[in-house]
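Engineer: coordinates only, sequence not included:
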């Protein structure tokens, strides 16, 4: 007998890429009939970081299954125990030769022009201009990891990073000399045609930085690559989905490509006989004429072959068993986009300022400074998002003591505070002086306390006032006694010691 689903649930929602409505239709036809009453699968598009930023958000939006790249999939897996059911067999087509590349793994390549004698290795990226895709792009994060593995901080060490929004635009900027180093998804170099001449890129003009040799599915990986290999798109079930439904969905996905392999010969037969594909009698007759080598599974039928072929379309070749995504999780941790807070949490960002992660001992400049820094440095961003040294080396808390109105008017003092045991400020007797502390760690719910240590070994405690909407703490004091005062600043966290 067919299993039934407890409750009144009859529809399951799949979120993913634009070609997934056909996958949902296939699952309805193949999986739905295993249950009594039948279940259905519906496709619903979504913007990952807006509507389904976390598993909790995805559940609130009604999603049951999500298809996403390994970067976002690592977030769903780490944060919400999403379960990978399958990995897409992606297809890349060479537009010139028509050759198809069957890929289940993805990567990125870091490159420069071969005539650049000053850029021979990944370490030479320091002080150079880098061009890449979007700051939220998977290939960008993989290039970040390549740099970090070679001791180069991905944001702080390059002179500039320009986010062109597409690998082709970044490559064009490298070719014409506007940018020194490019980052691209695998295949972008090999399949690039010059938009002006239509000619294929001569790879002898390109030097690959940190080139790796990988084997994928038992054969050498077909494209130039600098990064580790990670899975292509993952098809994941959210943890509330019934195990029996997951099992049937996984089986249908893994069989899809094999079912579809019989469709081209079947469609050719239908065309020869002048039949439409929805003519089931003609389709069954044609199916009986197919050679055994054309049919890869004993349970393939004419109907299944045509439904699977329609679902696959031009973007994928089917699905394979789910691949381990641990490398991607480690990469997101190393780049600062997956943190423990205290549980694993992916860092979400809606703009370039929020995407800044700084090396140890460094802190992000103010939002205004980050946005303006390239212009201040005289570097062109070509109308795109860009970063130029967004971090500065600083203490966890920067402190100044000054009566200078220009200094006090700045939105941030990160990296410009007093060094320890230095003369921090001077003021005439009984004149006012402003004490300002800036929390570079940008913590919430803290108290900034301080104390003057006086020459007679006495201590004068004070609390700095929080300035709303900032991470700044101020206090104006006046000095009534001649001499020096040592200032101690302490941060008191809400649930920790002070």
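Structural biologist: Arrived safely, thanks for sending. Remember, it's a predicted structure, so these values are computed and weren't measured experimentally.

Engineer: List the buried residues for the longest helix along the chain?
Structural biologist: In the chain, assigned by DSSP state H, the helix with the most residues is helix 243-261. By neighbour count with 16 or more other C-beta atoms under 10 Å, helix 243-261 contains the buried residues 245-246, 248-250, 252-261. Where C-beta positions appear, they are placed from N, C-alpha and C, glycine not excepted.

Engineer: repeat for stretch 261-274
Structural biologist: When burial is assessed from 16+ other C-beta under 10 Å, stretch 261-274 yields the following buried residues: 261-263, 265-267, 269-270.

Engineer: if I pick residue 425, what's in contact with it?
Structural biologist: Residue 425 makes contact with 400-403, 418, 433, according to C-beta atoms under 8 Å, 6 or more residues apart in numbering.

Engineer: coming back round to it: out of the buried residues of helix 243-261, which comes closest to residue 490?
Structural biologist: Among the buried residues of helix 243-261, residue 246 lies closest to residue 490 (C-beta to C-beta), at 52.2 Å.

Engineer: how many other residues sit next to the closest residue to that closest one other than its chain neighbours?
Structural biologist: Distance criterion C-beta to C-beta, 6 or more residues apart in numbering; nearest residue to residue 246, sequence neighbours excluded, is residue 237 at 4.9 Å. Number of residues near residue 237 (other C-beta atoms under 10 Å) recorded here: 22.

Engineer: Give the bridge partners for residue 237, please.
Structural biologist: Judged by DSSP bridges, the bridge partners of residue 237 are residue 65, residue 83.

Engineer: where does it land on pLDDT?
Structural biologist: Per-residue confidence at residue 237 stands at 94 (pLDDT).

Engineer: now it: how far from residue 250?
Structural biologist: When C-beta to C-beta, to the nearest Å is the yardstick, residue 237 and residue 250 sit 8 Å from each other.

Engineer: What of residue 433?
Structural biologist: When C-beta to C-beta is the yardstick, residue 433 and residue 250 sit 68 Å from each other.

Engineer: do the same with residue 289
Structural biologist: Using C-beta to C-beta, one gets 32 Å for the distance from residue 289 to residue 250.

Engineer: now do residue 440
Structural biologist: The gap separating residue 440 from residue 250 is 47 Å, by C-beta to C-beta.

Engineer: and if you look at residue 446?
Structural biologist: Computed as C-beta to C-beta, the residue 446 to residue 250 distance reads 48 Å.

Engineer: go on, residue 271?
Structural biologist: Between residue 271 and residue 250 the computed distance is 34 Å (C-beta to C-beta).

Engineer: now swap in residue 267 and tell me
Structural biologist: Separation of residue 267 from residue 250 (C-beta to C-beta): 27 Å.

Engineer: what's near enough to touch the closest residue in space to residue 84 that isn't next to it in sequence?
Structural biologist: In space, residue 84 comes closest to residue 322 once its chain neighbours are excluded; the distance is 3.8 Å by C-beta to C-beta, 6+ apart. The neighbourhood of residue 322, defined by C-beta under 8 Å, 6+ apart, consists of 84-87, 231, 234-235.

Engineer: what's the answer for residue 260, then?
Structural biologist: Residue 260 sits next to 305, 308-309, 311-312, 317-318 when contact means C-beta under 8 Å, 6+ apart.

Engineer: Those in strands, which ones?
Structural biologist: 317-318 (DSSP state E).

Engineer: Name the nearest of the contacts of residue 260 relative to residue 112.
Structural biologist: Minimum distance to residue 112 across those is 33.1 Å, recorded for residue 317 (C-beta to C-beta).

Engineer: Just to check, that closest one is in contact with residue 87?
Structural biologist: No: using C-beta atoms under 8 Å, residue 317 is not in contact with residue 87, being 11.5 Å away.

Engineer: More neighbours: which of these two?
Structural biologist: More neighbours surround residue 87 than the other of residue 317 and residue 87, with 24 against 20 (other C-beta under 10 Å).

Engineer: Are we agreed that that one is in a strand?
Structural biologist: Yes: looking at residue 87 with DSSP: H, G, I helix; E, B strand; the rest coil, it is inside a strand.

Engineer: Show me the shaky parts of the stretch 51-200 of the chain.
Structural biologist: Counting by pLDDT under 70, the stretch 51-200 of the chain contains low-confidence residues at 51-55, 95-96.

Engineer: Can you show me the helices along it?
Structural biologist: When assigned using DSSP state H, counting those that start in this stretch, the helices of the stretch 51-200 of the chain occupy the ranges 55-60, 70-80, 138-149, 167-175.

Engineer: possible to save the ones you listed as a markdown table with mean neighbour count and distance to residue 224?
Structural biologist: What follows is those, written out as a markdown table (neighbours: other C-beta atoms under 10 Å; distance: least, C-beta to C-beta, whole Å):
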| stretch | mean neighbour count | distance to residue 224 |
| --- | --- | --- |
| helix 55-60 | 17 | 35 |
| helix 70-80 | 24 | 20 |
| helix 138-149 | 25 | 13 |
| helix 167-175 | 21 | 12 |
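
Engineer: With distance to residue 31 as new columns, can these be given to me in JSON lines?
Structural biologist: Formatted as JSON lines, the helices of the stretch 51-200 of the chain follow (distance: least, C-beta to C-beta, whole Å):
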{"stretch": "helix 55-60", "distance to residue 31": "20"}
{"stretch": "helix 70-80", "distance to residue 31": "21"}
{"stretch": "helix 138-149", "distance to residue 31": "29"}
{"stretch": "helix 167-175", "distance to residue 31": "36"}
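
Engineer: Can you get me a residue count around residue 203?
Structural biologist: There are 14 residues near residue 203, going by other C-beta under 10 Å.

Engineer: Excluding sequence neighbours, find me the nearest residue to it.
Structural biologist: Setting aside the residues directly before and after it, residue 203 is nearest to residue 189 in space (C-beta to C-beta, 6+ apart), at 6.4 Å.

Engineer: which residues does that neighbour contact?
Structural biologist: Residue 189 is in contact with 109, 111, 171, 201, 203, 206, 223-224, counting by C-beta under 8 Å, 6+ apart.
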